[in-house]
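Student: 3D, please:
(chains A and B)
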Number of protein chains: 2
Amino acid sequence: MKIAKLSALIAALVAAPAMAQQWETLPDTPPTPKDNPTTAAKVELGKMLYFDPRFSSTGTISCNSCHNVMLGGEDNRPVAVGVKGQKGGRSAPTVWNAAYLSVQFWDGREPTLEEQAKGPVINPIEMGIKDHQTLVENRLKAITGYQPYFEKAFGKGDVVNIENFAKAIAAYERTLITPNSPYSRYVKGDKKALTPQQIAGMEKFAKTGCTSCHSGPAFAGPKKPLGEGFFVKFPTFTDNPYVSKYKLMEDGGRYEATKKEADKHLWRVPTLLNIALTAPYFHNGSVKTLDEAVRVMAKTQLNKDLSDADVADIVAFLNSLTGEFPEQTMPRLPATPPSVIADIEE
Amino acid sequence: MKIAKLSALIAALVAAPAMAQQWETLPDTPPTPKDNPTTAAKVELGKMLYFDPRFSSTGTISCNSCHNVMLGGEDNRPVAVGVKGQKGGRSAPTVWNAAYLSVQFWDGREPTLEEQAKGPVINPIEMGIKDHQTLVENRLKAITGYQPYFEKAFGKGDVVNIENFAKAIAAYERTLITPNSPYSRYVKGDKKALTPQQIAGMEKFAKTGCTSCHSGPAFAGPKKPLGEGFFVKFPTFTDNPYVSKYKLMEDGGRYEATKKEADKHLWRVPTLLNIALTAPYFHNGSVKTLDEAVRVMAKTQLNKDLSDADVADIVAFLNSLTGEFPEQTMPRLPATPPSVIADIEE
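Tutor: Coordinates of the predicted model:
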């Protein structure tokens, strides 16, 4: 072990410029809160809950509607659509590898996947259920077919509640990870995993300064304990046409959650894993292509104008961050009892 | 074989009253048009297409949104919700075992699953794509990741077209069948598959006259060639309070498609398989419970007032028509290219 570590150190010291950057890959398992260890029973239940549209007032919107795991973990729309065709204020972030992020939502207002999962169900423009008690009584408990799955996951007794609803969904989401991207295989030693252009793009990505924020195994910043976010101001440089063109100042970011002046336009640094699959880009989904997103970031965050060749190389590198998506079986959802049929908003 | 047939004949002749009814079970494979034999490659592609929300104008509605295979094959809503929160005119019929029906849609206006699949994508209040050419050019061909799947299913060349889109979806739908219901196992000889109440209900179901329409393996009428429907007037008896209470005369049924007077209030007899999972009931989803649906049918179609005990027994029997749902893997959908990101309606 000591020799291996020493070899790694030497390798790092003598490496080419791009290698001076500490390139990390996803740990095999994501950070998990002590009070919610992942179990097969929780994952099974969580997957059912994740795909169940009956946890929306109209019975039409599930977690998967906006965070579509069959796609890149979101909906490829500027902003998501909730019940009754209502549009959200921000673009749906990907659920893939969200387990590796130390805070949740664009503004990092929740510390864990568990806390995140409680939000959209009672957001009037997302899933539109009145409150958590209504969710539990009129839907979760009313769909009696869920009871045995909750008991299998959490033990006998009064286990159908909002905390366990959130725990099960979070446990499922901790299985939504995409290992073995070309980037990841390259860093682990498979030097043929990246094309020459991707390797050039990797070096430019670091040299341009992208890694000053997009570092770490998920390209979402340095490792932090759950609940502690890595926030950066966006846009940092505002004296450029992108700011008005893409309306980058209209949303106060973290300020909207905290109402603290210091949090104005601060955002959680989003992951870049599978970024090729999650257009359109930014919190408002205003930028439709990855090359334009790269140009906008270089200008607004680093005050740099990239050449077309630089952009093409960096985009080629970003394409190498698409991982392997695990095969999943579809859940079967329990039958809808008459009380739920009656409760579903027409 | 001849002796077996003779035995079956004798068994039928000496059977108890309920057995005088010819009780059939689903054939192992559904009827399939000669020009669209089911293949694994078509089924794989068809499942991808079925779950892909990018074949709606807003990128939010897939076939599965309204015909949810994780539930009873529909949405448990009175009427379905399409793009921009628009409500449909009729309740979404189940996709499970639709392959056994000789005509499609409530009014039987299409002869095959292939023809059915072409409708909702260009219906302005369902998936809202302008026309088939737009679907093919702006979405199907634009999502270039589909090309190899179409070629695998249909051969090399110009195979990405609306006909093959429909063929693949239909091929997938022909795998959506639910064998081995308690009813089915009972008819095949497992006399313990039904409870005594369910057996009583089965006899009452026949004796009341329900089987005069709900006969055949799918309880949707006698076997007919593809394209030839079994249509019945609903309501037949209109002098009862149900007709106005549940607005049963507001929709002209088959007349809306043909504009022939003789087709007024004619409907394709719907399947009763998995009926316990597909509330609310009827073309307008106006009846929320199965027992009320049984009462309404007995009165409007047979002019009979059933006792509560009769209703309970028949409902118990109908519960035995829920079959086994095959385990399915989720499809992975190809990446969304910039042109489709730009084409998705905000």
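Student: OK, now which residue of chain A is nearest to chain B?
Tutor: residue A:85 (2.8 Å; C-beta to the nearest C-beta). C-beta here means a position set from N, CA and C on the backbone, and glycine is covered the same way.
Student: so what's the backbone phi/psi at that residue?
Tutor: Note on residue A:85: its backbone torsions stand at phi 70, psi 10 [degrees, to the nearest 10].
Student: pull the number of nearby residues for it.
Tutor: Number of residues near residue A:85 (other C-beta atoms under 10 Å in any protein chain shown) recorded here: 16.
Student: what does the stretch 151-300 of chain A have sitting close to chain B?
Tutor: Contact residues (C-beta under 8 Å from any C-beta of the partner chain) of the stretch 151-300 of chain A with chain B: A:276, A:277, A:279, A:280, A:288, A:289.
Student: the second one and residue A:75 touch, don't they?
Tutor: No. Counting by C-beta atoms under 8 Å, residue A:75 is not a contact partner of residue A:277; they are 11.3 Å apart.
Student: for the two, indicate the residue with more neighbours.
Tutor: Set side by side, residue A:277 and residue A:75 show more neighbours around residue A:75, with 28 against 23, by other C-beta under 10 Å.
Student: show me where the stretch 101-250 of chain A has helices.
Tutor: Along the stretch 101-250 of chain A, counting by DSSP state H, counting those that start in this stretch, helices occupy A:113-117, A:132-134, A:147-154, A:162-173, A:182-187, A:196-208, A:242-245.
Student: could you dump the ones you listed to TSV with mean neighbour count?
Tutor: Shown next, in TSV, are those (neighbours: other C-beta atoms under 10 Å in any protein chain shown):
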stretch	mean neighbour count
helix A:113-117	23
helix A:132-134	15
helix A:147-154	18
helix A:162-173	24
helix A:182-187	20
helix A:196-208	20
helix A:242-245	15
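Student: would JSON lines of these with distance to residue B:181 and mean pLDDT be doable?
Tutor: Formatted as JSON lines, those follow (distance: least, C-beta to C-beta, whole Å; pLDDT from 0 to 100):
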{"stretch": "helix A:113-117", "distance to residue B:181": "35", "mean pLDDT": "98"}
{"stretch": "helix A:132-134", "distance to residue B:181": "34", "mean pLDDT": "98"}
{"stretch": "helix A:147-154", "distance to residue B:181": "21", "mean pLDDT": "98"}
{"stretch": "helix A:162-173", "distance to residue B:181": "30", "mean pLDDT": "98"}
{"stretch": "helix A:182-187", "distance to residue B:181": "47", "mean pLDDT": "98"}
{"stretch": "helix A:196-208", "distance to residue B:181": "54", "mean pLDDT": "98"}
{"stretch": "helix A:242-245", "distance to residue B:181": "59", "mean pLDDT": "98"}
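Student: how many neighbours does residue A:212 have?
Tutor: 13.
Student: how close does it sit to residue A:305?
Tutor: With distances taken as C-beta to C-beta, to the nearest Å, residue A:212 is found 18 Å from residue A:305.
Student: any idea how far residue A:183 is from residue B:203?
Tutor: Noted for residue A:183: a distance of 67 Å to residue B:203, by C-beta to C-beta.
Student: over to residue A:173?
Tutor: Relative to residue B:203, residue A:173 is positioned 50 Å away (C-beta to C-beta).
Student: again, but for residue A:330
Tutor: 37 Å.
Student: for residue A:267, helix, strand, or coil?
Tutor: Here residue A:267 is strand, with the state taken from DSSP: H, G, I helix; E, B strand; the rest coil.
Student: just checking, it touches residue A:230?
Tutor: No. Between residue A:267 and residue A:230 there is no contact under C-beta under 8 Å: 9.9 Å.
Student: which of these two has more residues huddled nearby?
Tutor: The residue with more neighbours, out of residue A:267 and residue A:230, is residue A:267; 22 against 19, by other C-beta under 10 Å.
Student: OK, contacts around the more buried one?
Tutor: A:106, A:107, A:108, A:231, A:232, A:233, A:234, A:253, A:254, A:283 (C-beta atoms under 8 Å, 6 or more residues apart in numbering or on different chains).
Student: redo that, cut-off 7 Å
Tutor: The contact partners of residue A:267, by C-beta atoms under 7 Å, 6 or more residues apart in numbering or on different chains, come to A:106, A:107, A:231, A:232, A:234, A:253, A:254, A:283.
Student: quick check: the closest residue in space to the fifth one that isn't next to it in sequence vs residue B:141, distance?
Tutor: The shortest distance from residue A:234 to any residue that is not its chain neighbour, by C-beta to C-beta, 6 or more residues apart in numbering or on different chains, is 5.0 Å, and that residue is residue A:267. If you measure residue A:267 against residue B:141 using C-beta to C-beta, the figure is 36 Å.
Student: can you map out the strands along the stretch 51-200 of chain A?
Tutor: When assigned using DSSP state E, counting those that start in this stretch, the stretch 51-200 of chain A turns out to have no strands.
Student: SS state for the residue nearest to residue A:235 when sequence neighbours are not counted?
Tutor: Sequence neighbours aside, residue A:300 is the residue nearest to residue A:235 in space, at 3.7 Å (criterion: C-beta to C-beta, 6+ apart). Using three-state DSSP, the structure places residue A:300 in helix.
Student: got the domain ranges for chain A?
Tutor: A:16-28+A:178-319, A:40-176+A:326-343 (automatic domain parsing).
Student: quick one: end-to-end distance for the last one.
Tutor: As for domain A:40-176+A:326-343, its first-to-last residue distance stands at 31 Å under the measure C-alpha to C-alpha, to the nearest Å.
Student: I'd like the residues of the stretch 151-300 of chain A next to chain B laid out as CSV, including secondary structure and pLDDT.
Tutor: What follows is these, written out as CSV (DSSP: H, G, I helix; E, B strand; the rest coil; pLDDT from 0 to 100):
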residue, secondary structure, pLDDT
A:276, helix, 98
A:277, helix, 98
A:279, coil, 98
A:280, coil, 98
A:288, coil, 97
A:289, coil, 98
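Student: compare the residues you listed and tell me which is most surrounded.
Tutor: Most neighbours among these, by other C-beta under 10 Å: residue A:279, with 26 neighbours.
Student: neighbours of the residue nearest to that residue when sequence neighbours are not counted, how many?
Tutor: Spatial nearest neighbour of residue A:279, excluding adjacent residues (C-beta to C-beta, 6+ apart): residue B:341 at 4.7 Å. Residue B:341: 21 surrounding residues under other C-beta under 10 Å.
Student: give me the element residue B:341 is part of.
Tutor: Per DSSP states H and E, residue B:341 falls inside helix B:338-343.
Student: for that helix, buried residues please.
Tutor: For helix B:338-343, the neighbour count (16 or more other C-beta atoms under 10 Å in any protein chain shown) marks B:339, B:340, B:341, B:343 as buried.
Student: tell me the one among these nearest to chain A.
Tutor: residue B:341 (4.7 Å).
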